[in-house]
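> okay, predicted coordinates and the sequence, questions at the end:
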Amino acid sequence: MTDLLHTRTDGPEDGPALVMLGSLGSTLDMWEPNVPALAEHFRVIRMDHLGHGASPNPAGPYTMQMLAEAVLATLDSLGVDRVHWCGLSLGGMVGMYLGSEHPDRIARLVLCCTSSNFPDPAIWRQRIEAVKAGGTAGIAPGVVERWFTPEWAEQHPDVVARAIGWVSDTPDDGYIACCEAIEVWDHRDRLGDVTAPTLVIAGDEDKPTPVEPHARTITAGIPGAHLEVLHGGHLATMQSAEEANHLLLGHLT
């Protein structure tokens, strides 16, 4: 049996379903700045990835297919068939996979600060080794440093501290198992099979998945996809939440 993910639901029970799935090392709490505006229009279903937050932590390695199948099993358990999707980073990769391999389940797609492939997978091997050596707590400050721009982080120390906690509290083996899925991820040849209307959102100072080549590769590969660039680091939807909400509502409604 596929593990069911931890979820939190906001908004009208009979509203159109919108799934939100976040970054490696985060929890569903990363969407808090976005939920109030979206829950006025949608049944917002936030999820924790496998090996993250309050979701199950099965033995790795994971694959993108495994992460996606956990999402589908969870939606099935909720009686939800077709959804809008907003995914950031790893959550965007899962969304891309569902968009091409399970197009009947995805109505509209938003892919934020994410990638269809990492040209140098060695960065993920290095990350895995770092977690094996010092745990997620050891890498947390460096990871979160790339999530926000320096000036914004300086003005929001409470948010930064909370985000460091998300990474530190992620089980080492769950984090590593997700890194192993990303390490071999290459969906470039499948982008053309995504049929859902797609909005790609990038951060202008996103170092892990910069606009060039990541956002532009996705936008060029998915038929009819549209690119918007927000000010922010890797979690641009948190840093520029108001602008992100405007884009999300414009695309999803």
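Nice, thanks for sending it over.

> what ranges does the protein have for its helices?
35-38, 64-77, 90-101, 122-145, 150-155, 157-169, 172-183, 216-221, 236-239, 241-252 (DSSP state H).

> which residues touch Thr195?
Neighbour list for Thr195: Gly99, Pro103, Pro223 [criterion: CB atoms under 8 Å, 6 or more residues apart in numbering]. From N, CA and C alone the C-beta is placed, and that goes for glycine too.

> ok so, going back, out of the helices of the chain, nearest to Leu21?
Nearest to Leu21 among the helices of the chain is helix 90-101; the distance by CB to CB comes to 3.3 Å.

> orientation of that closest one relative to helix 172-183 in degrees?
With axes from the mean of the first three to the mean of the last three CA atoms, to 10 degrees defining the directions, helix 90-101 sits at 50 degrees from helix 172-183.

> what mean pLDDT does helix 90-101 have?
Mean pLDDT, computed over helix 90-101, is 98.

> can you list the buried residues in it?
For helix 90-101, the neighbour count (16 or more other CB atoms under 10 Å) marks Leu90, Gly91, Gly92, Met93, Val94, Gly95, Met96, Tyr97, Leu98, Gly99, Ser100, Glu101 as buried.

> helices or strands up against it?
When contacts are defined as 3 or more CB pairs under 8 Å, 6 or more residues apart in numbering; DSSP states H and E, helix 90-101 sits against strand 17-21, helix 64-77, strand 83-88, strand 106-112, helix 172-183.

> make it 10 Å
strand 17-21, helix 64-77, strand 83-88, strand 106-112, helix 172-183, strand 198-203, helix 216-221 (3 or more CB pairs under 10 Å, 6 or more residues apart in numbering; DSSP states H and E).

> redo the ones you listed as JSON lines? Include mean neighbour count and distance to Ala39.
Formatted as JSON lines, the helices and strands packed on helix 90-101 follow (neighbours: other CB atoms under 10 Å; distance: least, CB to CB, whole Å):
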{"stretch": "strand 17-21", "mean neighbour count": "26", "distance to Ala39": "9"}
{"stretch": "helix 64-77", "mean neighbour count": "19", "distance to Ala39": "18"}
{"stretch": "strand 83-88", "mean neighbour count": "27", "distance to Ala39": "13"}
{"stretch": "strand 106-112", "mean neighbour count": "25", "distance to Ala39": "16"}
{"stretch": "helix 172-183", "mean neighbour count": "22", "distance to Ala39": "27"}
{"stretch": "strand 198-203", "mean neighbour count": "26", "distance to Ala39": "19"}
{"stretch": "helix 216-221", "mean neighbour count": "19", "distance to Ala39": "27"}
